[in-house]
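K.L.:
Give me a model of this one.
(one chain, ligands or ions: 1)
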Amino acid sequence: MIRPTRAVEAIPATTPFIGPEQLMRETGRRELVRLGANESAFGPSPRAIEAMRGELTRLSWYGDPESLDLRDALAKKHRCSPEQIAVGSGIDDLMGLAVRAFLAPGDAALSTRGTYPTFDYHVVGYGARPIAAQYLDDGTPDCEALLSLARRDAPRIVYLANPDNPSGRFIARAEIQRFCAALPHDTLLLLDEAYADFVDEEELLPLAFEDRLIRLRTFSKAYGMAGARIGYALSSARNVATFQKIRLHYGVNRNAQVGALSSLYDEEFRRHVVAETALARADYYRVARALGRSYIESRTNFVCINFDTAERATRVMNELLARGVWIRKPGAPPLDAYVRVSAGTEPMRRAFESALRAVLAGAQVEVP
Ligand SMILES: *Cc1c(COP(=O)(O)O)cnc(C)c1O
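P.N.:
The predicted model follows:
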């Protein structure tokens, strides 16, 4: 009999992300206001678009399997060597490499229950054992709880997103430094910094290229290239060499390489996106306050708004979808009472606000 591995067979047939395209098929809508996946509403850099357009005719070629031009440019940016950088088709891909490289079947891997799900998705897929700490009541990942589980259960990898998704919370440099230092010395910290580009560099953990630390960055968020699928890992040359052994050598497409490289040289555009994103967050805070809702101050390109119970937050999400506005909500407590809305352009935010006002004015969701 042909069977998948026991680990894979045990996985329930669920999809980690239901995409807006599927929701459009299900609701019969031709368009949605896309505020559910923390994609950039501000697009890729015009310079990146131009470079990718110019490169289109060369799509008949494979990309450089070493992504060396991009790694050279990234090495300058991060003041390190290209040997300390691995490029992959997004953080999601690189997380899979880390899990495959460092976790044997049955090994424990620690994260926060309800955080960005792809890490656990890989852990389960490779037959390792996910364990989790809870969020603090205010939605911040609980470093103390992570540390005590790390000491008790000796996971090979600890995953932490900072800034965090879905909370938007950010753990300050000094605390992350303490956290790193306090982790058992043979534990690998997989630090997901998908939203690092929205935070000042001086606030982030200082760059260090050690075996026990892998930091993950992406062009999907501030650089607006989610559909191109490209991201990178910063770590020791040894870990990068390990990734080299198992990564898909043509997994990063040529257009993404070209676009990412041009984006890096368009710092003015990144700053523009970061400023627009801050305006969008402030706008959502205002909407939440006007509706008598609390929210979490975010350091990312999304905001969580509190609807007090998971049932009510789910209803708000579903009724917004019925009005053509696509958002998501966190799945685990304490954040499951919130909805999460991505930074949109001004017209997208107005569409969100008026749909939300209509939903709350309707009979289904009582306003306080
Ligand atoms: C969006 C996101 C990712 C996915 O990044 P890709 O580079 O697009 O794979 C990873 N981690 C977090 C926390 C995210 O929010």
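K.L.:
Do stretch 132-146 and the ligand come into contact?
P.N.:
No - between stretch 132-146 and the ligand, judged by Cβ under 6 Å from any ligand atom, nothing touches; the nearest distance is 11.3 Å. C-betas here are computed from N, CA, C, even on glycine.
K.L.:
can you give me the helices for the protein?
P.N.:
For the chain, the helices defined by DSSP state H occupy 6-9, 20-27, 46-55, 68-77, 91-102, 118-125, 143-153, 173-182, 237-246, 254-264, 267-290, 310-322, 346-361.
K.L.:
The residue nearest to Arg238 when sequence neighbours are not counted: what's it in contact with?
P.N.:
Counting by Cβ to Cβ, 6 or more residues apart in numbering, Arg238 lies nearest to Asp211, which is 5.8 Å off, once chain neighbours are set aside. For Asp211, the contact set (Cβ atoms under 8 Å, 6 or more residues apart in numbering) comprises 188, 235-236, 238-239.
K.L.:
Go back to those residues and keep what's next to the ligand.
P.N.:
Within these, nothing lies near the ligand by Cβ under 6 Å from any ligand atom.
K.L.:
So among these, which ones count as buried?
P.N.:
For those, a neighbour count by 16 or more other Cβ atoms under 10 Å gives the buried set as 188, 235-236, 239.
K.L.:
Can you tell me the number of residues neighbouring the closest residue to the ligand within the chain?
P.N.:
As assessed by Cβ to the nearest ligand atom, the ligand sits closest to Gly90 within the chain, at 2.7 Å. Gly90 has 24 neighbours, counted by other Cβ atoms under 10 Å.
K.L.:
Next: Gly224.
P.N.:
So Gly224, with other Cβ under 10 Å, has 24 neighbours.
K.L.:
Let me know whether it touches His272 as I believe.
P.N.:
No - with contact defined as Cβ atoms under 8 Å, Gly224 does not count as touching His272 (10.7 Å).
K.L.:
so which two of the contacts of Asp211 are the farthest from each other?
P.N.:
Leu188 and Arg238 (11.9 Å; Cβ to Cβ).
K.L.:
Could you list the contact residues of the stretch 151-300 of the chain toward the ligand?
P.N.:
With Cβ under 6 Å from any ligand atom as the criterion, the stretch 151-300 of the chain meets the ligand at residues 161, 165, 192, 194, 218, 220, 226, 231.
K.L.:
Kind regards, and thank you for your time.
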